[in-house]
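Chemist: Build me a model from this:
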Amino acid sequence: MKSQNGFEVDYQTAYRSIKDLEEEKNEAVLKSYSKFQSYFEWNIVNNPGTHADIQLNGSELRQSYLCLNICAKVFSLSLPIIALDGCHVKNGSNYTLLTATGINSNSEIYPIAIGLVFGECQETWTYFIKHLDMSLSLRENVDLVILSDREKGLALSVESVLPKCHHSFCLYHIGKNIKTKFRSNYNRDIFKAARATTIDGFKSAMDLIEAKDSRVFDYLNQIPKENWAEAYFGKCRYGNLTSNIAEAMNSSLLKIRNLHPFELVYEFVNSTYDNFKKKFATYKDMSDLFPPYFKKKILPMIEESRHLRVLYTDDNDIYRVSKDNSSSIFKIVDIKKRTCTCTFMQHNGFPCSHMMTCIFLRGERLEDHIENHFKLANLKLAYSTCFKFCDIELLETKTMEPMIKIRKRGRPKKKRVRSEAEKIFHCTT
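Modeler: Residues are numbered from 1 along each chain as shown. Next up is the predicted model:
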């Protein structure tokens, strides 16, 4: 103290000053908790379509959930994909932040819902997913794809609450687990097997893995193929084989994760609205049919389709497409069923170059064969929702306290796997 500020402070004075600061900080935290419930109630009433819930244990905040009306509307007009993940808050409290993240046709992520819970387990994930279902009516959505990191409690919760959805396990986390368990990196081989669009292609890729390391082959066979391999998945994942969008959302929330629960929620609401407002300002003056990122993807395919040739069949909706008339290698396109043997359409959700060739030959418009959630008009509509802000100074205060977690006696157990050099050997003599 003397070297930095030029004066001395005795121990008792410094101790009392620190205690006074801690008391002031605790009072401010308790004051923010007192407006938590009123803030949720205000948003439910003044922003129709907002879904919020708070569970108390006496006067302690046990867990909470929030899905804003603006987020629910964007999801309803975007790709049917939700990435679920959890992360720790860094404010000294005992809560875990659960997030649901979506992605639009311009490859931009957005938050769907957040939850503050007492830990990441099956009970809390079931609570979160049940309220997510209430907010978005997911139970009967057979096209819904859930992306996650294969956390056990989460997988069981998804299966029990949303039995009709398609649960996709993150390939990056599968590869990371294999690297930790077997001390070897097989990410390239795993991704090759996962991206194989035919059963024969998948089996060939798995045979290569078995030849390199049978332990990794056996480990992958323990994971249901329907949850990670394209050849068996059965629904369109729009090219998302990892839960990277959830990790990106957690990174974007890094700053507010240092705030106390009420401040965290309040800043989340403000930043989400500001972000949506900027997106609407960007899109409203565009006049194209498709957003920039999606347009950039389909333009090369349109150009490629002009150089392909169509070989007619007896069925008016089925065509054979090849690079030239004499080629024996061709793809079969079924316009009515929206399929192609190249499987691009089935796995990405929009026509491949082979199907585009057939569409243009029929004199039809390409946009009539592309789903609405890929179109710019949907993005404009999605981000145009009105939202009212709350003056927190006018909110009613209600008794609420942070959850107190009782620490067990002794040193916490570490789950880190020790290396051979760290292992302790006890002498038996």
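Chemist: all contacts plus neighbour counts: C-alpha atoms, from now on.
Modeler: OK.
Chemist: and Ser64, that's in a helix?
Modeler: No: note on Ser64: no helix contains this position according to DSSP: H, G, I helix; E, B strand; the rest coil, which reports strand.
Chemist: Spell out which residues make up each domain of this protein.
Modeler: 33-170+242-283+382-392, 292-369 (automatic domain parsing).
Chemist: what bits of this protein have low per-residue confidence?
Modeler: 1-7, 9, 11, 13-31, 91-92, 313-314, 325-327, 403-429 (pLDDT under 70).
Chemist: Try it again at 50.
Modeler: For the chain, applying pLDDT under 50 flags the ranges 406, 416-417, 419-429.
Chemist: Quick check, central residue of it?
Modeler: By Cα atoms, centre = their mean, the chain has its centre lying nearest to Ala83, at 2.1 Å.
Chemist: any idea whether that one is helix, strand or coil?
Modeler: strand.
Chemist: change the start of the numbering to 26 and stick with it
Modeler: Got it, the first residue is 26 from now on, which makes the last one we talked about Ala108.
Chemist: Please tell me how far it sits from Thr368.
Modeler: 24 Å (Cα to Cα, to the nearest Å).
Chemist: and if you look at Pro317?
Modeler: Relative to Thr368, and taking Cα to Cα, Pro317 is found at 24 Å.
Chemist: And for Pro188?
Modeler: Per Cα to Cα, Pro188 is found 26 Å from Thr368.
Chemist: ok, now how distant is Val114 from His76?
Modeler: Taking Cα to Cα as the measure, Val114 falls 22 Å from His76.
Chemist: Tell me which residues are up against stretch 68-76.
Modeler: Residues outside stretch 68-76 that contact it (Cα atoms under 8 Å, 6 or more residues apart in numbering): 77, 90-95, 97, 156, 159-160, 412-413, 415.
Chemist: Among those residues, give me the pair with the biggest separation.
Modeler: Greatest spacing in those, by Cα to Cα: Met159 and Cys415 (23.7 Å).
Chemist: what about the helices in the stretch 126-275 of the chain?
Modeler: Using DSSP state H, counting those that start in this stretch, the helices assigned to the stretch 126-275 of the chain run over residues 147-161, 177-186, 196-207, 212-220, 224-237, 239-246, 255-258, 269-277.
Chemist: Tell me where the stretch 326-454 of the chain has helices.
Modeler: Here the stretch 326-454 of the chain has its helices, by DSSP H, counting those that start in this stretch, at 369-373, 378-386, 401-407.
Chemist: Mind checking which of Pro188 and Thr368 has more residues around it?
Modeler: Neighbours per residue (other Cα atoms under 10 Å) separate Pro188 from Thr368, with Thr368 holding more: 18 against 13.
Chemist: show me the contacts for the more buried one.
Modeler: Taking Cα under 8 Å, 6+ apart as the criterion, Thr368 is in contact with Thr222.
Chemist: Angles on the backbone of it, please.
Modeler: The phi/psi pair for Thr368 (degrees, to the nearest 10) reads phi 70, psi 10.
Chemist: Relative to Phe375, how far out is Cys365?
Modeler: Counting by Cα to Cα, the gap from Cys365 to Phe375 is 11 Å.
Chemist: Tabulate the domains of the chain (CSV), appending distance to Lys204.
Modeler: Formatted as CSV, the domains of the chain follow (distance: least, Cα to Cα, whole Å):
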stretch, distance to Lys204
domain 58-195+267-308+407-417, 15
domain 317-394, 28
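Chemist: Go through those and name the closest to Asp238.
Modeler: Nearest to Asp238 among the domains of the chain is domain 58-195+267-308+407-417; the distance by Cα to Cα comes to 21.3 Å.
Chemist: and that closest one, how far from the chain's centre?
Modeler: Between the centre of domain 58-195+267-308+407-417 and the centre of its chain there are 10 Å (Cα atoms, centre = their mean, to the nearest Å).
Chemist: That domain: end-to-end distance?
Modeler: OK, domain 58-195+267-308+407-417 end separation, Cα to Cα: 12 Å.
Chemist: for stretch 335-354, same thing?
Modeler: Length of stretch 335-354, first residue to last, Cα to Cα: 12 Å.
Chemist: Then stretch 204-222?
Modeler: 25 Å.
Chemist: Can you give the contact residues for it?
Modeler: Defining contact as Cα under 8 Å, 6+ apart, one finds that stretch 204-222 is touched by 196-197, 200, 203, 226-231, 233-234, 240-241, 253-256, 368.
Chemist: Tell me how far Phe319 lies from Glu184.
Modeler: Distance from Phe319 to Glu184, by Cα to Cα: 32 Å.
Chemist: again, but for Pro73
Modeler: From Pro73 to Glu184 the distance is 30 Å (Cα to Cα).
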